[in-house]
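Student: using only what follows, build the 3D model:
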Amino acid sequence: MKWRDTADFPAGNAATAATAAATRPNLPVADFYHPTVPSDSPDRRITDSWLMTKISQRHHVNRLILFVTLLVMGMGIGAGACKSGESAVADDDHGSSREGTATAPEDFTMIFGEGGGFTGRWEGYAIQSDGAVLAWSGPTAGEESTPVGSLTAAQMDDLWAQVQDAEFFDQNVRETGNITAFIEVTAGQRKHRVSWIPGAEGFEPPRSAIDALYRQSLQVAGGAAE
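Tutor: Numbering: from 1, shown residues only. Here you go, the predicted structure:
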């Protein structure tokens, strides 16, 4: 049911009704008049026309605001899509593969492991350029190797990306201890080797970017061997 406020809108006063319409536009047009004002009175007909014009203008403004809002949102989404497309093209131009990961060089290989202690025994893994994974163990690092699995091209690319993230070729670490870990990487006709005292995996976080790379490489190779 429509409500009427006779205290705010005196009967038959067109000017007061018009002012009310401007300040309280959500009220129905008929509610700006006292029920005793005849619907065919001149004041009522003139003001009704004025009010309907104002309401129509307000509706047009609301539609325009909605249109502009949707247009701006659409432009933002389109710009984001274009930026993503440009990023993907840039990745392709730099020899990248899945989701921006750099493609591993054709000669990319890794050998890594640890050893020493009172037994003098070494063990670890070797990853060849074709993705073959070999496990090795013995008195000398890298000897007595056995094929245990293989990595996909995507896994090789991911492993290469981890090598780059660790800035491996810029690391010049030559540490030895009771237990010594090492990584040797060949890529792009370059060979680089580092050695360090590893942290206790499972008991303490990686001690360096190289230590983190070593743990990640062990997980990848161990996963291929399962």
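Student: which parts of this structure are helices?
Tutor: 14-23, 42-93, 153-165, 209-225 (DSSP state H).
Student: which of these has the lowest average pLDDT?
Tutor: Sorting those by mean pLDDT places helix 14-23 lowest, at a mean of 51.
Student: how does the chain divide into domains?
Tutor: The chain resolves into domains spanning 14-93, 102-225 when parsed by automatic domain parsing.
Student: so how far is G116 from I210?
Tutor: Distance, I210 to G116, using CB to CB, to the nearest Å: 17 Å. For glycine as for every other residue, the C-beta is placed from the backbone atoms N, C-alpha and C.
Student: between the two, which has more neighbouring residues?
Tutor: Each of I210 and G116 has its neighbours counted (other CB atoms under 10 Å); I210 has more, 21 against 15.
Student: extract the C-alpha trace of stretch 213-226 and format it as PDB.
Tutor: The C-alpha atoms that make up stretch 213-226 are tabulated as PDB, following Å, rounded to 0.1, in the frame of the first residue of the first chain:
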ATOM      1  CA  LEU A 213      68.700 -26.800  -5.100                       C
ATOM      2  CA  TYR A 214      70.400 -30.000  -3.900                       C
ATOM      3  CA  ARG A 215      67.300 -31.000  -1.900                       C
ATOM      4  CA  GLN A 216      65.000 -30.200  -4.800                       C
ATOM      5  CA  SER A 217      67.200 -32.200  -7.200                       C
ATOM      6  CA  LEU A 218      67.200 -35.200  -4.800                       C
ATOM      7  CA  GLN A 219      63.400 -35.100  -4.700                       C
ATOM      8  CA  VAL A 220      63.100 -35.000  -8.500                       C
ATOM      9  CA  ALA A 221      65.500 -37.800  -9.100                       C
ATOM     10  CA  GLY A 222      64.200 -39.900  -6.300                       C
ATOM     11  CA  GLY A 223      60.600 -39.400  -7.700                       C
ATOM     12  CA  ALA A 224      61.800 -40.800 -11.000                       C
ATOM     13  CA  ALA A 225      63.300 -43.800  -9.400                       C
ATOM     14  CA  GLU A 226      60.200 -44.800  -7.600                       C
END
